[in-house]
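*Asks:* Build me a model:
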Amino acid sequence: MTFIKALPPSRLGKSHPSLQSYLDAVYPDLVLDKKHDTTKRDDDDAVLRPPVRPKQKEFSLVVVTESRYKRILLGMKNRGFGKGFYNAFGGKIDPGDKSPAYGAMRELKEETNINVPLDVIQR
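*Replies:* Numbering: from 1, shown residues only. A predicted model of the protein is given here:
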């Protein structure tokens, strides 16, 4: 199957062969932190900790699947980045949301008018 609205290679992200490669690209100022490690490890082991970023936003991504037919539901973006392309559903988790799953449920309802019980949403 060929997607008519596929992103060109110039707009695709970089593929990382390992977690360390990803961390090096995303957090160039990543440091080894032994001093503040609260987990029990050997003294020679260090914990990688990303630097603290101010006010990080949380987002949800909901992929609606119908596993019996091996299908997923996508919606076409009407504005913003990726306008005119198909995408899964989601958005910002609001401070008033009880949990990330609740935020995902709310976003799905807003964007598709599909009501999904909270216990059906999986992480």
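*Asks:* Would you check that Ile121 makes contact with Ala104?
*Replies:* Yes - counting by C-beta atoms under 8 Å, Ala104 is a contact partner of Ile121 at 5.7 Å. For glycine as for every other residue, the C-beta is placed from the backbone atoms N, C-alpha and C.
*Asks:* Ile121 versus Met76, what's the distance?
*Replies:* To Ile121, Met76 is 23 Å away according to C-beta to C-beta, to the nearest Å.
*Asks:* Revised request: answer the last question for Gly84.
*Replies:* Per C-beta to C-beta, Gly84 is found 28 Å from Ile121.
*Asks:* out of these two, which sits in the busier spot?
*Replies:* The neighbour count for Gly84 versus Ile121, taken as other C-beta atoms under 10 Å, is higher for Ile121 (16 against 9).
*Asks:* For Pro100, see how far away the more buried one is.
*Replies:* Taken as C-beta to C-beta, the span from Ile121 to Pro100 is 9 Å.
*Asks:* my read: Asp94 touches Gly103, true?
*Replies:* Yes - counting by C-beta under 8 Å, Asp94 touches Gly103, with 6.3 Å between them.
*Asks:* Comparing those two, which shows the higher neighbour count?
*Replies:* Using other C-beta under 10 Å as the criterion, Asp94 and Gly103 rank with Gly103 on top: 22 against 11.
*Asks:* In which helix or strand does the more buried one reside?
*Replies:* Gly103 belongs to helix 100-112 when assigned by DSSP states H and E.
*Asks:* That helix: which residues count as buried?
*Replies:* By neighbour count on 16 or more other C-beta atoms under 10 Å, the buried set for helix 100-112 is Ala101, Tyr102, Gly103, Ala104, Met105, Arg106, Glu107, Leu108.
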